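# Just the structure for this:
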Amino acid sequence: MPLYAQPRRPPKCRASSALSDIISLCIPLQNINLKAPLANMYYADTPPYFLLAAGLFISITSGLAFSAVLKGSVGDWYAKKSTRSISKLRGFDLQLPFLGICLGSCVFLASGMSIFGFPTKIAYAMASPLILLSALLVWTQLRKNLAALESGNTRAFELDGF
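The predicted structure is shown next:
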């Protein structure tokens, strides 16, 4: 052992080697196929962002048309007090915007599910019954409200009564 001081080498960094040991234990690098994950990934144009926006646009514009037709027809009925206008509300003038709302909602919901990883067929298979059931419930409630309005029971529409 020499009596003079030898220059000391800095100690080997143990943190980086420990980290690489942990990573190599968790993810063996020799078993990773780098081409397989890229084949299943989405690219920028793959998710149906356009359909999501189109479904939302169709729903909003159909909802505005539905609101305008309903307000106009109820206003005409209120001014004339005839039962013919109320029965007209159940016709094609009101059903077309309502179907537009349902179609746009279905496309919007299914596209949103597709963006989050659901296959397209499964997304539409899940969205269609939800929208159909909701549409039937809303249409039934609308018919009951129109019948109550026609019979003269406007107290059902007052929100201050609670």
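# could you list every residue that touches Val107?
The neighbours of Val107, taking CB atoms under 8 Å, 6 or more residues apart in numbering as the test, are 51-52, 54-55, 58. All C-beta spots, glycine's among them, are computed from the backbone N, C-alpha and C.
# which of the residues you listed are buried?
Buried members of the contacts of Val107, counted by 16 or more other CB atoms under 10 Å: 51-52, 55, 58.
# tell me the two of those residues that are most distant?
Greatest spacing in the buried ones among the contacts of Val107, by CB to CB: Leu52 and Ile58 (11.1 Å).
# sorry, back to before: export the buried ones among the contacts of Val107 as CSV, with columns for secondary structure and distance to Ile131.
Shown next, in CSV, are the buried ones among the contacts of Val107 (DSSP: H, G, I helix; E, B strand; the rest coil; distance: CB to CB, whole Å):
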residue, secondary structure, distance to Ile131
Leu51, helix, 15
Leu52, helix, 15
Gly55, helix, 11
Ile58, helix, 12
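# Closest one to Lys80 out of the residues you listed, please.
Using CB to CB, the buried ones among the contacts of Val107 come closest to Lys80 at Ile58, 32.7 Å.
# do you know how far that closest one is from Leu64?
Look at Ile58 and Leu64: by CB to CB, to the nearest Å, they are 11 Å apart.
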